[in-house]
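Student: Give me the fold of what follows.
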Amino acid sequence: MGKGKKSRIKRDIIYLTPHTHYDAVWIFTKEDYFYINIDLILKKVVDLLEKDKNYRFLIEQAYLLEEVERRYPELFKKIRKYVKSGKIELVDGEYLMADTMLPQEETLIREILIGKEYIKEKFGVNVEVMWQADSFGLNSQLPQIYRKAGYKYVAFRRGSPEKKPSEFIWEGLDGTKILAHWMPLGYRAGLDLRKLEENYLKLKKLAATNHILMPSGSGVTMPQEETSEVVSEWNKKHKKVKIKIATPIEFFKNLNKFAKKLPVRKGEMYCSKYSEIFSDCCSTRIWLKQNLRKYESKILTFERFSTINYLLTNNYPEELKDCWKKIGFLAFHDVVPGTGMDACYKEALDYIDFLRTRIDYLLPRALESIAENDSDEEDWGDIIVFN
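Tutor: Coordinates of the predicted model:
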């Protein structure tokens, strides 16, 4: 009996994780990606879940879910049902998967705040896995931001300064720690079901434990009906290595048992030695970066004075949330870096125009309201300086 227990502990477990990486814009337009991810991929996912009791899937980013709810309420209800049953896991939790090096820290927090609020309201779920599948490097303060936002784990694709092990404890500037997994073969590791053996051996060499995460998806690839059959055949032929179709939370909960034995790493996850980070995108389409920073600063100014005005008048601008959503779109990991095709950026220009129109109109009125309401009970004039 003891012998059997020992062999079970040594047995490798591969967590094959079907998913789609959603790009709001990149090599296609926003509408193209809605069609690909909703009409083609998510509808097929629901069909598979209805037919295959072993199938699982993960969905990232509230922006996509918000659009599913708006366009296809029946599909949204089915997704909600499978989230509740654990067959779909919602990961990332951001409104849109932000670039984490270029936007201001407040923008990164708002991406999480808006996204998590939506997911909590619509699905009753607190997202625990930060799934940074494609951001071009991660800044060194993110462990603190992520833990304070309720995340327990982070999985990322780009920028690991160490190749081995692929699992570690990431420590932020203030000492906050979070359990992390770097995807050595990216999020397509298990996409080609003919190469499971080959890619398992590569991942095994880098893994810290016998628990191996193998994402199986891409940005424009249909879910594969044959997944369960391939997994079943694998498990018949392999006695020392088991594959299960799973979501990331199952992998991380098992990995967490080994957390005390994992190495601690500090600093940015921004190194192109083992994975591409597109470092020179920091100067590409500079007008995007300039406008994002301009309106990040303006919206914070507007919000602060709107808060003061609320204390005086009990009125708060409803437009603020829409403005933050537009900022969130500009901060997306293929928008502000400027890595998409030209047609993608018409949407960004429209959002910049929206921010210019709304904030430049509303901010002076908030200041006027503060001045007027502050002097209601005074019979002398004021000089008010707003900084």
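
Student: The stretch 101-250 of the chain: helices as residue ranges?
Tutor: In the stretch 101-250 of the chain, the segments counted as helices under DSSP state H, counting those that start in this stretch are 105-123, 142-148, 196-206, 227-237, 248-255.

Student: Could you point out which of these sits nearest Val129?
Tutor: Across the helices of the stretch 101-250 of the chain, Val129 has its closest neighbour in helix 248-255 (4.8 Å, CB to CB). Using the backbone N, CA and C atoms, a C-beta is placed for each residue, glycine as well.

Student: average pLDDT for the next helix or strand after the closest one?
Tutor: Downstream of helix 248-255, the first helix or strand assigned by DSSP states H and E is strand 264-266. Averaging pLDDT along strand 264-266 yields 98.

Student: buried stuff in strand 264-266?
Tutor: For strand 264-266, burial by neighbour count (16 or more other CB atoms under 10 Å) applies to Arg265.

Student: Relative to that strand, what are the paired strands and their orientations?
Tutor: Using DSSP bridges, the strands paired with strand 264-266 are strand 167-171 (parallel).

Student: For the helix ranked longest in the chain, buried residues please.
Tutor: When the chain is parsed with DSSP state H, its longest helix is helix 345-374. By 16+ other CB under 10 Å, the buried positions in helix 345-374 come out as 345, 347-348, 351-352, 354-355, 358-359, 362-363, 366-367, 369-370.

Student: which sections of the chain are below the confidence cut-off?
Tutor: Residue ranges of the chain with pLDDT under 70: 1-9, 375-382.

Student: Quick check, central residue of it?
Tutor: With distances taken as CA atoms, centre = their mean, the residue of the chain nearest its centroid is Asp92 (3.3 Å).

Student: Let me see the contact set for it.
Tutor: Asp92 makes contact with Glu60, Gln61, Gly115, Val127, Val129, Met130, Trp131, Gln132, Ala133, according to CB atoms under 8 Å, 6 or more residues apart in numbering.

Student: Tell me how far it lies from Ala343.
Tutor: Separation of Asp92 from Ala343 (CB to CB, to the nearest Å) stands at 25 Å.

Student: ok, now Phe278?
Tutor: To Ala343, Phe278 is 20 Å away according to CB to CB.

Student: Now do the closest residue to Glu67 other than its chain neighbours: how many residues are near it, please.
Tutor: With CB to CB, 6 or more residues apart in numbering as the criterion, Glu67 has its nearest non-adjacent residue at 5.8 Å, and that residue is Phe34. The number of residues packed near Phe34 is 18, by other CB atoms under 10 Å.

Student: for Phe34, helix, strand, or coil?
Tutor: helix (DSSP: H, G, I helix; E, B strand; the rest coil).

Student: correct me, but Val129 touches Tyr146?
Tutor: No - applying CB atoms under 8 Å as the test, Val129 and Tyr146 come out as separate, 10.1 Å apart.

Student: residues shared between the contacts of those two?
Tutor: With CB under 8 Å, 6+ apart as the test, Val129 and Tyr146 both reach Val154.

Student: for the contacts of Asp92, which one is nearest Thr20?
Tutor: For these, the minimum distance to Thr20 (CB to CB) is 8.0 Å, reached by Glu60.

Student: Now do the contacts for that closest one.
Tutor: Neighbour list for Glu60: His19, Thr20, His21, Tyr22, Leu90, Val91, Asp92, Met97, Trp131, Ala133 [criterion: CB under 8 Å, 6+ apart].

Student: Name the nearest residue to it, sequence neighbours excluded.
Tutor: The shortest distance from Glu60 to any residue other than its chain neighbours is 3.9 Å, reached at Asp92 (CB to CB, 6+ apart).

Student: What's the local residue count around Gln104?
Tutor: Gln104 has 15 neighbouring residues, counting by other CB under 10 Å.

Student: can you check His19 too?
Tutor: The burial count for His19: 28, using other CB under 10 Å.

Student: go on, the one 3 residues further on?
Tutor: As a burial measure, the neighbour count of Tyr22 was computed by other CB under 10 Å and equals 25.

Student: which non-adjacent residue is nearest it?
Tutor: Excluding its sequence neighbours, the residue lying closest to Tyr22 (CB to CB, 6+ apart) is Leu64, at 4.8 Å.

Student: Three-state assignment for the one you found, please.
Tutor: helix.

Student: top of the contacts of Glu60 by neighbour count?
Tutor: Neighbour counts for these (other CB under 10 Å) peak at Trp131, which has 30 neighbours.

Student: For it, give the beta-bridge partners.
Tutor: Beta bridges link Trp131 to Ala155, judged by DSSP bridges.

Student: Verify the stated contact: it with Ala155.
Tutor: Yes - judged on CB under 8 Å, Trp131 makes contact with Ala155 at a distance of 5.4 Å.

Student: Overlap in contacts, these two.
Tutor: Shared contacts of Trp131 and Ala155 (CB under 8 Å, 6+ apart): Val91, Pro248.
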